[in-house]
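Participant: Quick one, structure for this:
(one chain, ligands or ions: 2)
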Amino acid sequence: MIRGLHDGIEMKELFGSPVNTNMSLDDGLSSLRYIEALKDAIGDGPPYCSGVVTPSDFQLYYATDGKDARRIDLSKATDDDLQELAQACTPATFGRNNEDVLDESYRKAGKLDTSDFAANFFPLSCEDIVCVLREHLLEGHDTNRSIKTELYKLNIYGPGSFFKAHKDTPRAENMFGSLVVVYPTPHEGGALILRHRGKKWEFDSGKILATQNEPRLSYIAFYADVEHEVTTVTSGYRITLTYDLYFTDPDPAEETRGPSIIRRPISKDPRESEFRNVLERSLDDPDFMPDGGTLGFGLKYQYPVKDGMNKILDVPINSVSRALRCLRGSDAMVMNVAKELSLKASLHILYAYDGDDSVVMMEDFLPLSGWPLDRDVSGHLIGIGGSLTNEKSLLRNGRLELRRPSWETYSTIKWVTDMTKFNGFQDPYVAYGDSGEGTLGLLYGNMVLIVHVGPYRRRQWPSRKKGT
Ligand SMILES: O=C(O)CCC(=O)C(=O)O
Ligand SMILES: [Fe+2]
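Facilitator: Ligands and ions are numbered 1, 2, ... in the order given. Coordinates of the predicted model:
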């Protein structure tokens, strides 16, 4: 007998699809329904937030090439003022392969460096922006973290200007996103298009500002791993200030390690309490994974993993603990809730290689980038602590994808959310055959979040009622 996850709510309401009450639900099916509920509770919030604010003024001061400083009021600038500003700018560059490049077929816009201008606008002194960032961009425990903004550039997009699709290069490990503030100079076109995980959003500052009944600034903040582009400006000037967004406090994920995990008050994030509720109810039900098992979660964000350099091989040393310290949004939420419910949770790496479709799960990256292996790679990985999963690999376009086993064999990793591509990578290795001749192979890896669930009788967590 399956109990509802919420008192008074029947299974059929909770899971959306009607349950045939005559059907005998076997253990597996029951687990699958809880897994669907966990997936729904994680949800998928947009990776950006936007709004309008009224600054104390719209003055911009600038000086370039040793010329006298100028001041313009961008709430009532004339075309001549704007043309003069555009002429004072130099062509905007952008980051490509860790280099600043100028390529006007990719980005056509003007820029001023921070040494050449000053504006009377400070995003973090503006309550609205801070509140919106906390409420609508930051997720889970990140909501309470300290943030700072760093002014990066002023950009001007005149008619014909654009910026093709790209992701911003984080300038430091604690940089989590970008903030773009747009002045109320009339413009058409120049919409910012965001794309993330197969979805698309548009932020059309020209239209937003034109509908305000007084001059305002419109702004948008988005996570660093969101692809974005600026469509061609067809008339007017689109003038922006761009800021880098940083966390300035220690990572909360750091706090969750070690034996005394539950130090923080329970977060008010509605998704977090829903997720905790569903997971707690699942664990409390003897029909949910009665003999224990493994839950898999695809990571929703991309994480830095480089923890240093191997001086002998001159290759980076990657580590799961490095990524663990930076967990964000719903990834951090899953990890925190799992730990609060005393589940063993960590990031793991799934490995596969050409010529074999088995998938091996490791607790950390292999320290063997470029190292020799014998040809039985999965045997080797298992020998050094890996475990074979029930997945089969599907190596496609240089990426590890999983070929799901059928329901009957769906027993090793139960995926709550699908594996994502953001944390996939390739590592070269040398395979030696019997003749001693080496051939170069590629290991395909992907980092995922794994939560181990114990058998029903052994599940205990601090908030569980005594006697259950
Ligand atoms: O102007 C914008 O809306 C975006 C600018 C941008 O993508 C960048 O500066 O990297
Ligand atoms: Fe950008």
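Participant: Backbone torsions only: list them for the spatially most central residue of the chain.
Facilitator: Of all residues in the chain, the one closest to the mean position by Cα atoms, centre = their mean is Tyr301, 2.2 Å from it. Reported as degrees, to the nearest 10, the phi and psi values for Tyr301 are phi -130, psi 160.
Participant: quick one: pLDDT of the nearest residue to it once chain neighbours are set aside?
Facilitator: Leaving aside its sequence neighbours, Tyr301 sits nearest to Arg328 (Cβ to Cβ, 6 or more residues apart in numbering; 4.8 Å). Placement of C-beta: from N, CA and C, glycine included. Among the per-residue scores, Arg328 shows a pLDDT of 76.
Participant: same thing with the one 10 residues further on?
Facilitator: Ala338 carries a pLDDT score of 95 in this model.
Participant: how about it, secondary structure?
Facilitator: Three-state assignment for Ala338 (DSSP: H, G, I helix; E, B strand; the rest coil): helix.
Participant: Might you report the residue contacts of it?
Facilitator: Residues near Ala338 by Cβ atoms under 8 Å, 6 or more residues apart in numbering: Leu279, Ala345, Val451.
Participant: do that again at 6 Å, thanks
Facilitator: For Ala338, the contacting residues are Ala345, Val451, by Cβ atoms under 6 Å, 6 or more residues apart in numbering.
Participant: same question, the one 10 residues further on
Facilitator: Applying Cβ under 6 Å, 6+ apart, one finds that His348 lies in contact with Met361, Glu363, Val448, Ile450.
Participant: Among these, which one sits closest to ligand 1?
Facilitator: Nearest to ligand 1 among the contacts of His348 is Val448, at 29.5 Å by Cβ to the nearest ligand atom.
Participant: Which phi and psi values does the residue lying closest to Pro316 once chain neighbours are set aside adopt?
Facilitator: Distance criterion Cβ to Cβ, 6+ apart; nearest residue to Pro316, sequence neighbours excluded, is Lys306 at 4.6 Å. Torsion angles at Lys306 (phi, psi; degrees, to the nearest 10) stand at phi -70, psi 120.
Participant: Mind listing the residues bridging to Lys306?
Facilitator: Per DSSP bridges, the residues bridged to Lys306 are Asn318.
Participant: do the same with Met447
Facilitator: With DSSP bridges as the criterion, Met447 is bridged to Ile349.
Participant: Pretty sure Tyr351 is one of the things it touches, is it not?
Facilitator: No. Using Cβ atoms under 6 Å, Met447 is not in contact with Tyr351, being 10.6 Å away.
Participant: in a strand, that's where Thr234 is, yeah?
Facilitator: Yes. Counting by three-state DSSP, Thr234 is located in a strand.
Participant: What separation do you get for it and Lys76?
Facilitator: 22 Å (Cβ to Cβ, to the nearest Å).
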